[in-house]
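Undergrad: here are the coordinates; sequence isn't available:
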């Protein structure tokens, strides 16, 4: 069966420090991968998605970037964190890239606090 | 563009009460529809799905029927438990490159014993 792992579960970082959050998927090949942010409430904001190695689409211009160095690895990064980057970050995968109307499956999330 | 509208919360019910959370959507084409649940401090879990008109998705006592004529996908449960307290998200798939989902804002459900 497929599983998705995100780490770390919680992170406290000072303003201006770098960031690297990692997400890996097991048990499937060629997944679509997604990064979301959920800030201080319940709404989900799609940040990035990827349909293949090295292919990243950005949904919202911001202080963050994403990379996909391997088929089942998705990394969210920042060179200098801002206070506004605080939030709950979720990684997800779905069958892809030719599958349509498929559900996404989420990791357990990373709670990021910026001080 | 595509959109999903959920009823405002929080919804507060007593244990064993009947639950309805309304969800309506706007979409071109024929999206699939989903309900996700998020327990405190956790990621989202897929609760149920429906892929075409008149399909009924069901799981763990929850049901939702894909109504194309009313563009709705309301979530129902006959008897809620305290353990059902969570945030519920309605979502639709965009039949396009990247298989993206459009989410509603979420509805908080609180069940009292």
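TA: In hand now; what should we look at? The structure presented is a predicted model; accordingly, all values stated were derived computationally and were not measured.

Undergrad: So which residues on chain B come close to chain A?
TA: Neighbours of chain A within chain B, by C-beta under 8 Å from any C-beta of the partner chain: B:31-32, B:34, B:36, B:38, B:41-46, B:49, B:51, B:87, B:89, B:93, B:95, B:97-101, B:103, B:105-106, B:108. Placement of C-beta: from N, CA and C, glycine included.

Undergrad: Is there a quick ChimeraX command that grabs whichever of the residues you listed are buried?
TA: Burial among those is assessed by 16 or more other C-beta atoms under 10 Å in any protein chain shown; the matching ChimeraX selection reads:
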select /B:31,32,34,36,38,43,44,46,49,51,87,89,93,95,98,99,100,101,103,105,106,108
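
Undergrad: Among the residues of chain B next to chain A, name the ones in strands.
TA: B:34, B:36, B:38, B:44-46, B:49, B:87, B:89, B:93, B:101, B:103, B:108 (DSSP state E).

Undergrad: residues in chain A within reach of chain B, list them.
TA: Within chain A, the positions near chain B by C-beta under 8 Å from any C-beta are A:6, A:32, A:34, A:41-44, A:46, A:49, A:51, A:57, A:90, A:92, A:94-97, A:99-109, A:111.

Undergrad: Buried members of those into PyMOL, please.
TA: Applying 16+ other C-beta under 10 Å to the residues of chain A next to chain B leaves a buried subset, and the PyMOL line that selects it is:
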select buried, chain A and resi 6+32+34+42+44+46+49+51+90+92+94+95+96+97+100+101+102+103+104+105+106+107+108+109+111
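
Undergrad: Filter the residues of chain A next to chain B down to the ones in helices?
TA: Among these, none falls in helices (DSSP state H).

Undergrad: what residues are up against residue A:18?
TA: A:77, A:78, A:79, A:80, A:81 (C-beta atoms under 8 Å, 6 or more residues apart in numbering or on different chains).

Undergrad: Can I get the buried part of these as one PyMOL selection?
TA: The buried residues among the contacts of residue A:18 can be selected in PyMOL (16+ other C-beta under 10 Å) with this line:
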select buried, chain A and resi 78+81
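
Undergrad: from the contacts of residue A:18, which ones fall inside strands?
TA: Among the contacts of residue A:18, the subset assigned to strands under DSSP E consists of A:77, A:78.

Undergrad: So, low pLDDT: which residues of chain B?
TA: By pLDDT under 70, the low-scoring segments of chain B are B:95-98.

Undergrad: and if you look at chain A?
TA: Regions of chain A meeting the criterion pLDDT under 70 cover residues A:41-42.

Undergrad: hmm, 50 instead?
TA: Of all residues in chain A, none has pLDDT under 50.

Undergrad: And the residue nearest the centre of it?
TA: By C-alpha atoms, centre = their mean, the mean C-alpha position of chain A lies nearest to residue A:35, the distance being 2.8 Å.

Undergrad: tell me the contacts of that residue?
TA: Contacts here follow C-beta under 8 Å, 6+ apart; on that basis residue A:35 touches A:23, A:46, A:47, A:48, A:49, A:66, A:74, A:76, A:89, A:90, A:91.

Undergrad: Name the residues linked to it by a beta bridge.
TA: residue A:48, residue A:91 (DSSP bridges).

Undergrad: any idea how far it lies from chain B?
TA: Computed as C-beta to the nearest C-beta, to the nearest Å, the residue A:35 to chain B distance reads 12 Å.

Undergrad: go on, residue A:3?
TA: Taking C-beta to the nearest C-beta, one finds residue A:3 at 12 Å from chain B.
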